[in-house]
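Enquirer: build the 3D model from these lines:
(chains A and B)
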Protein chains: 2
Amino acid sequence: MRTVDPEKVAAKRKQILDAAIECFARSGFHSTSTAQICAAAGMSPGNLFHYFPSKNAIIEAIAQDDQHGMAELIAHHAKTKDSLTAIENIAIAMMELCSDPTYARISLEVAAEALRNPEVGALLAANDTQVKADLQALLKRGIKAGQIDPTLDTSMAATWLIALTEGGIGRVVLEPGFKAKAHGPTLRTIIRRFLQIQP
Amino acid sequence: MRTVDPEKVAAKRKQILDAAIECFARSGFHSTSTAQICAAAGMSPGNLFHYFPSKNAIIEAIAQDDQHGMAELIAHHAKTKDSLTAIENIAIAMMELCSDPTYARISLEVAAEALRNPEVGALLAANDTQVKADLQALLKRGIKAGQIDPTLDTSMAATWLIALTEGGIGRVVLEPGFKAKAHGPTLRTIIRRFLQIQP
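Expert: Residues are numbered from 1 along each chain as shown, chains lettered A, B, ... in the order given. Here you go, the predicted model:
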């Protein structure tokens, strides 16, 4: 009887997803064949099929990994006691992530796919709902602590914090030479002025 | 000798582009054939070819029409004397446009295509540069009039005004039930607090 080594499985899974991300970013989701992913990952179709039965399963796994990554990023920064600073740091980290060229390309591919594929759409919406709920909790914590304007609608504010960070994706595509790092202070100014108690 | 009626040419052109937008929004740029566009437009391939020699020419025309639309939208709102209000109105109008479901779908398709097709990428970047320059001019006008914070970097501020409005695209895709109209006041608050002279 063969035993399964969870570390080996995780490593193989990562190897496939990294290869798929590379292919999708280069050629787009629809123009990439499973044969191309196999070649990039250096494995046979039978082996790939063992981990992911379809291209859809791969794109769903990419979206799930993204969800875990976002949750970790938020949990890490939420430890900062000052809620306003925590939100600023999360937004800047998300913006920097979104504006990585490969991440931006994959995000556009996955978002376009979500419009036509209800399963992918549901996954992305679930991810978005989670990020929004986490930001809303931080906004409420900041209001309670007297750091954030209590007259703000926390649901709408959370929506626009996400929209702002996602804006980085468009900037990478449309503004040649856009450097996320250089824009951190401006993003912090926008968020601070928006959220702080108004004089 | 046949004479060309410019109005008829413009009407035919619009008929094709409307049909193409419908097809691209439904099936994506890559999965749409020129035969499908012909069927949707109710014309023969020869007739379509007369107006647009390739699918690329169609997508370029869509991007160009978008550029003209944006320029008109900005010119219209820029007439408002108060520069801060003008910028807010432009951002809200752009956000409402971006969050139209068909516009959002086409924008994602075209942006994804821009990553792989240098001609489309150059067109989108040129459009973006123009919008950014227009917004920057309004920011400078507002600073001169004592309405906008003179310590802001107008180039970075313009970048984030665009990023904010484009954020609407992500919201339409990821937040079921997102209503752009309901979010206008929040967007106005973010922009006003960001740009106004700080107390």
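Enquirer: helix or strand for A:Leu161, which one?
Expert: A:Leu161 belongs to helix A:154-174 when elements are defined using DSSP states H and E.
Enquirer: next helix or strand past that helix?
Expert: Using DSSP H and E, the next helix or strand after helix A:154-174 towards the C-terminus is helix A:180-195.
Enquirer: which residues touch that following helix?
Expert: Outside of helix A:180-195, the residues within contact range by Cβ atoms under 8 Å, 6 or more residues apart in numbering or on different chains are A:84, A:87-88, A:91-92, A:95-96, A:99-100, A:139, A:142, A:148-149, A:152, A:157, A:160-161, A:164-165, A:168, A:171-172, B:152-153, B:156-157, B:159-160, B:189-190, B:193-194, B:198. Every C-beta, even on glycine, is put in place using the N, C-alpha and C of the backbone.
Enquirer: buried residues, it. List them.
Expert: Taking 16 or more other Cβ atoms under 10 Å in any protein chain shown as the basis for neighbour counts, the residues of helix A:180-195 that come out buried are A:180, A:183-184, A:186-191, A:193-195.
Enquirer: cool, stretch A:98-108 as well?
Expert: Within stretch A:98-108, the residues that qualify as buried are A:98-99, A:103-108, counting by 16+ other Cβ under 10 Å.
Enquirer: does that stretch reach chain B?
Expert: Yes. When contact is scored as Cβ under 8 Å from any Cβ of the partner chain, part of stretch A:98-108 falls within range of chain B: A:105, A:108.
Enquirer: what about the helices in chain A?
Expert: In chain order, chain A shows helices spanning A:6-27, A:34-41, A:45-51, A:55-78, A:83-98, A:101-114, A:118-144, A:154-174, A:180-195, with DSSP state H as the criterion.
Enquirer: quick one: contacts for the residue nearest in space to the middle of chain A?
Expert: Here the mean C-alpha position of chain A is nearest to the C-alpha of A:Asp66 (Cα atoms, centre = their mean), at a distance of 4.9 Å. Shown in contact with A:Asp66 (Cβ under 8 Å, 6+ apart): A:Asn127.
Enquirer: let's see 10 Å
Expert: For A:Asp66, the contacting residues are A:97, A:103, A:106-107, A:110, A:123-124, A:127, taking Cβ atoms under 10 Å, 6 or more residues apart in numbering or on different chains as the criterion.
Enquirer: what's the separation between it and A:Gly46?
Expert: Summarising the geometry, the distance separating A:Asp66 from A:Gly46, computed by Cβ to Cβ, to the nearest Å, is 27 Å.
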